[in-house]
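> one predicted model, sequence on top.
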Amino acid sequence: MSGTLRIELVDDHEVVRQGLKSLLDAESDLKVVGEAGSVEEAIRRVGFDEPHVVILDVRLPDGSGVEACREIRSRWPDVRVLMLTSFADDEALFASILAGASGYVLKQIKGSDLIESVRKVGRGESLLDPEMTDRVFRRIRGEDTDDPLLARLSKQERKILDYIAEGMTNRQISESMFLAEKTVKNYVSNVLAKLEMSRRSEAAAYAARLQAEKEHRYPPEQWPS
């Protein structure tokens with residue numbers, strides 16, 4: 001982006017906004033054009049101030065900065081959002097990625113690094129680690145888990161486990177996956193060995209527990225459409 005980068009600051013602490021404003025306005029190519037201390041005010045000010053980049057606190061008094069990010073990106077797709085927080089929180093990071101944020105930085109960041117981060121976001125670059133972004137979408141698809149046993153399974157073996165959890169026989173699995181029954185039998189043996197289990201019923205109960213935990217942690221109604 002050529003010219004001066006217009007920035008909106010959103011944080012409920014005035015002293016934080018003042019510090020950020022002094023830091024950013026000292027740069028010839030950066031200009032703070034507005035400030036807000038709440039979700040409601042942030043959305044109103046962004047529409048009025050027309051910034052290129054919004055530096056947005058994750059936690060605000062009247063709601064989540066992630067919700068504000070989603071609303072801002074929905075109304076003004078060209079506006080970039082850089083999430084700012086005091087705490088390293090994987091869940092907040094995941095939610096920020098889904099909300100359309102271009103970056104996520106801690107308030108402990110060095111001033112020079114923050115300035116460079118703002119410039120990168122203003123140029124349309126993403127500060128998000130591609131591996132982390134990929135993890136987010138694997139989790140949404142149910143392909144990622146913190147469970148060390150499940151992590152041992154290949155994608156094909158996880159599919160076999162799902163079928164086992166549904167109570168399907170080897171023949172039924174072979175028909176569903178277009179595999180030879182002997183191949184499925186070998187897959188099932190591998191799954192049980194990697195899960196350190198001896199019976200299909202154990203694997204089925206294990207898969208059901210993981211599914212219940214996933215649905216509790218990531219209820220679909222909270223996912224953005």
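Done, it's in. Residues are numbered from 1 along each chain as shown.

> per-residue pLDDT, the residue located most distally from the centre of the chain?
What lies farthest from the middle of the chain is residue 182; by CA atoms, centre = their mean that is 40.0 Å. We have a pLDDT of 92 for residue 182.

> which SSE is it in?
Here residue 182 sits within helix 181-194, counting by DSSP states H and E.

> alpha carbons only: can I get that helix in CSV?
Extracted as CSV, the C-alpha positions of helix 181-194 are listed here (Å, rounded to 0.1, in the frame of the first residue of the first chain):
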residue,chain,number,x,y,z
GLU,A,181,-11.7,-57.3,2.8
LYS,A,182,-8.2,-58.6,3.6
THR,A,183,-6.8,-55.1,3.2
VAL,A,184,-9.3,-53.8,5.7
LYS,A,185,-8.5,-56.5,8.1
ASN,A,186,-4.8,-55.5,8.0
TYR,A,187,-5.8,-51.8,8.5
VAL,A,188,-7.9,-52.8,11.5
SER,A,189,-5.0,-54.8,13.0
ASN,A,190,-2.7,-51.8,12.5
VAL,A,191,-5.2,-49.4,14.1
LEU,A,192,-5.6,-51.6,17.2
ALA,A,193,-1.8,-52.0,17.5
LYS,A,194,-1.2,-48.3,17.3
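
> so what secondary structure elements neighbour that helix?
helix 155-165, helix 170-177, helix 200-217 (3 or more CB pairs under 8 Å, 6 or more residues apart in numbering; DSSP states H and E). C-beta coordinates here come from the backbone N, C-alpha and C atoms, glycine included.

> out of those helices, which comes closest to residue 34?
Nearest of the helices and strands packed on helix 181-194 to residue 34, taken as CB to CB: helix 200-217 at 36.3 Å.
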